[in-house]
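Undergrad: Requesting a structural model of the entry that follows:
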Amino acid sequence: MGLGWFGAPEHNRWLAEETHALLRYARGAAVPAGFGWIGQDGAVDTSHPVELWITGRMTFAFSLGALMGIPGCRRYADHGVRALRTVLRDHVHGGWHSAVGHEPDGQGHGVPVEAQARKECYQHAFVLLAAATATAADRPGAHDLLLEATAVQDRYWWDERYGLPVESYAADFTDPEDYRGINAAMHTVEAYLATADVTGDVKWLERAVQVIDFAVNVQARANEWRLPEHYNSAWRPVRDYNRDQPAHPFRPYGVTPGHGLEWARLTVQARGALVARSLPVPDWMLDAAESLFDRARTDAWRADGAAGFVYTTDFGGSPVVRERMHWVVCEGVSAAAALRRALLDDGRGEINVELYEHCYRSWIDYAEEFLITDPGVWTHELDQDNQPSTRTWEGHPDVYHALQMTLVPRLPVWPCLGQALAEGRLDKPESAVPVHAQQPRRRGFFGR
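TA: Below you'll find the model as predicted:
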């Protein structure tokens, strides 16, 4: 099988250097109201407001940096926590504004952007993820932010009727949108897994597994592992949604193979959390994650003959939008690493490990050749000839996907990144000891 890259000192050195470079580059996003959209020149693009999802992702990123002991990251993590607790928080209706102006008002509150006034599940998921990770990093105010974020999730975003999240509301939490999206549900799962690890409250894990069961075991399985993205309010698929906007940045038409890769990673992470807690593990989870990965790989990688993943396909697997998004490669690398680790942890290391190692190497080589223009600087979109494109994205909005790609191969499947770093598991990727056999964990446990 060869020596491989996983665990090789020089490969881990490359990953670490890119981690540091990404966090250095991300510092340029800091603005008084939170974190702004990084433009093509590396400076904040003030034509974009300060958006909640970017501030949440950057707070998450710098909290990970703080956990690794990278100097300077603590103050940027703290800046993000303060912005989420004050500037971006809706002090009238609760929850958080989707977007505010770059300068707070005289009271330190954000000035909401009317065109983005609706409150969104997708954006609130990143508040929860940031709060959980900042709590793992023991940042000032993070504990209170997490308490508020979990309360908002319980009150507004978790729909007990379906066991799935609501998509969006008007600013005052009235007028719920008829649409439901798998993208918002996916990032809610990510946030719930992190929250379960940090708080020790199994409710968040149970909810995450419930959403994964619907998305992966029901919807993806029923569609030959091509996961429908769009649904009505009763969670029935709407297959022709946005047919006239196929390259929409958040709700593109058809199937998004990158999300298949992301769901594969989240599925094995949730499975790892169940195993670690000695909870019942559905027998479909690992096989389903492999099926998702394989479908995304075969449909989207080099689908038109050129290197790279196409952005979207139709329900037969034919390319629709042929642009190459940096985040899809990042999620492919992370999924390959997580699946390989999960198989080894499960004692099935002889099955498909070489496939995942091959994909991992190929996709990192692709990123190095086409996406990384300088250390920490990633082109976020390429056309089908692997030349820079701005059809969907302009500039370099944030470092969230790339940063995770540099860390997932160095960490265990469980716990999630923040708690794993808090427990000193960097470069110790083997399965964590089951919770019932552990001493109380470092940091982040409420009431312990």
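
Undergrad: which residues touch residue 149?
TA: 124, 127, 128, 131 (C-beta atoms under 8 Å, 6 or more residues apart in numbering). C-beta: built from backbone N, CA, C; applies to glycine.

Undergrad: what's around the residue nearest to residue 419 when sequence neighbours are not counted, how many residues?
TA: Nearest residue to residue 419, sequence neighbours excluded (C-beta to C-beta, 6 or more residues apart in numbering): residue 197, at 4.0 Å. Using other C-beta atoms under 10 Å, residue 197 has 30 other residues around it.

Undergrad: likewise residue 176?
TA: A total of 15 residues lie near residue 176 under the criterion other C-beta under 10 Å.

Undergrad: hang on, the earlier thing: isn't the residue nearest to residue 419 up against residue 415?
TA: Yes - between residue 197 and residue 415 a contact is recorded at 4.2 Å, counting by C-beta atoms under 8 Å.

Undergrad: How about the secondary structure of the residue of the chain positioned farthest from its centre?
TA: Residue farthest from the centre of the chain, counting by C-alpha atoms, centre = their mean, is residue 106 at 33.8 Å. Three-state call for residue 106 (DSSP: H, G, I helix; E, B strand; the rest coil): coil.

Undergrad: Tell me, what's the model's pLDDT at it?
TA: For residue 106, the pLDDT comes out at 88.

Undergrad: any shared contact partners between residue 197 and residue 415?
TA: Common neighbours of residue 197 and residue 415 (C-beta under 8 Å, 6+ apart) are residue 273.

Undergrad: Let me see the ranges of the strands in the stretch 301-448 of the chain.
TA: Here the stretch 301-448 of the chain has its strands, by DSSP state E, counting those that start in this stretch, at 324-325, 372-374, 377-378, 381-382.

Undergrad: Within the sheet, what are the partner strands of the second one, with directions?
TA: Right, strand 372-374. strand 377-378 (antiparallel) (DSSP bridges).

Undergrad: And the contacts of the partner strand?
TA: 21, 22, 25, 42, 326, 367, 371, 372, 396, 399, 402.

Undergrad: switch to 10 Å and redo it
TA: Residues from elsewhere that reach strand 377-378, judged by C-beta atoms under 10 Å, 6 or more residues apart in numbering: 18, 21-22, 24-25, 38, 42, 326-327, 329-330, 367, 370-372, 396, 399, 401-402, 405.

Undergrad: Among the residues you listed, name the ones in helices.
TA: When DSSP state H is applied, the contacts of strand 377-378 are split such that 18, 21, 22, 24, 25, 326, 327, 329, 330, 401, 402, 405 fall in helices.

Undergrad: mind giving me CSV with these and columns for pLDDT and neighbour count?
TA: Output for those, formatted as CSV (pLDDT from 0 to 100; neighbours: other C-beta atoms under 10 Å):
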residue, pLDDT, neighbour count
18, 98, 22
21, 98, 19
22, 98, 23
24, 98, 17
25, 98, 19
326, 98, 24
327, 97, 24
329, 98, 28
330, 98, 26
401, 98, 21
402, 98, 28
405, 98, 27
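
Undergrad: closest to residue 391 among the contacts of residue 149?
TA: Ranked by distance to residue 391 (C-beta to C-beta), those are led by residue 124 at 27.7 Å.

Undergrad: Let me see the contact set for that closest one.
TA: By C-beta under 10 Å, 6+ apart, residue 124 lies in contact with 52-53, 56, 95-96, 98, 149, 152-153, 156-157, 165, 168, 184, 187-188, 191.

Undergrad: do the same with residue 338
TA: Contacts of residue 338 by C-beta under 10 Å, 6+ apart are 261, 264-269, 272, 289, 293, 356, 408-409, 411-414, 429.

Undergrad: Can you list the buried residues in stretch 85-102?
TA: Going by neighbour count (16 or more other C-beta atoms under 10 Å), the buried part of stretch 85-102 is 85-90, 95-102.

Undergrad: what's the spacing between the nearest residue to residue 258 once chain neighbours are set aside and residue 282?
TA: Nearest in space to residue 258, with sequence neighbours left out and distances taken as C-beta to C-beta, 6+ apart, is residue 328 at 3.4 Å. Using C-beta to C-beta, to the nearest Å, residue 328 is found at 27 Å from residue 282.

Undergrad: ok, and what's touching stretch 232-241?
TA: Here stretch 232-241 has contacts from 159, 161-164, 166-167, 176-182, 185, 214, 218-219, 222-223, 227-231, 248, 251-255, 314-315, using C-beta under 10 Å, 6+ apart.

Undergrad: ends of it, how far apart?
TA: Taking C-alpha to C-alpha, to the nearest Å, stretch 232-241 runs 10 Å from one end to the other.

Undergrad: Find me the pLDDT at residue 249, would you?
TA: In this prediction, residue 249 has a pLDDT value of 87.

Undergrad: ok but it is inside a helix, no?
TA: No - using three-state DSSP, the assignment for residue 249 is coil, not a helix.

Undergrad: so it makes contact with residue 325?
TA: Yes - contact criterion C-beta atoms under 10 Å: residue 249 and residue 325 qualify, at 9.3 Å.

Undergrad: Quick check: neighbours shared by those two?
TA: 311, 381, 392, 393.

Undergrad: give the contact list for the residue lying closest to the first one once chain neighbours are set aside.
TA: Yep, that's residue 311 we're talking about. Nearest non-adjacent residue to residue 311, counting by C-beta to C-beta, 6+ apart: residue 321, 4.1 Å away. The contact partners of residue 321, by C-beta under 10 Å, 6+ apart, come to 246-248, 252-254, 256, 310-313, 384, 391-392.

Undergrad: ok, 6 Å please
TA: Residues near residue 321 by C-beta atoms under 6 Å, 6 or more residues apart in numbering: 246, 247, 311, 312.

Undergrad: Distance of it relative to residue 48?
TA: Residue 321 is 22 Å from residue 48, where distance means C-beta to C-beta.

Undergrad: rewinding a little: looking at the shared contacts of residue 249 and residue 325, which has the most residues close by?
TA: Ranked by neighbours (other C-beta under 10 Å), the shared contacts of residue 249 and residue 325 are led by residue 311, which has 27 neighbours.

Undergrad: Wait, it touches residue 323, no?
TA: Yes - look at residue 311 against residue 323 with C-beta atoms under 6 Å: they come within range, at 5.0 Å.

Undergrad: which residues are in contact with both of these two?
TA: With C-beta under 6 Å, 6+ apart, residue 311 and residue 323 have no common neighbours.

Undergrad: Can you give me the neighbour number for residue 66?
TA: Counted with other C-beta under 10 Å, residue 66 comes out at 26.

Undergrad: Check residue 292 too.
TA: Number of residues near residue 292 (other C-beta under 10 Å) recorded here: 29.

Undergrad: Quick check: the residue nearest to residue 369 when sequence neighbours are not counted vs residue 225, distance?
TA: Nearest in space to residue 369, with sequence neighbours left out and distances taken as C-beta to C-beta, 6+ apart, is residue 307 at 7.9 Å. Using C-beta to C-beta, residue 307 is found at 23 Å from residue 225.
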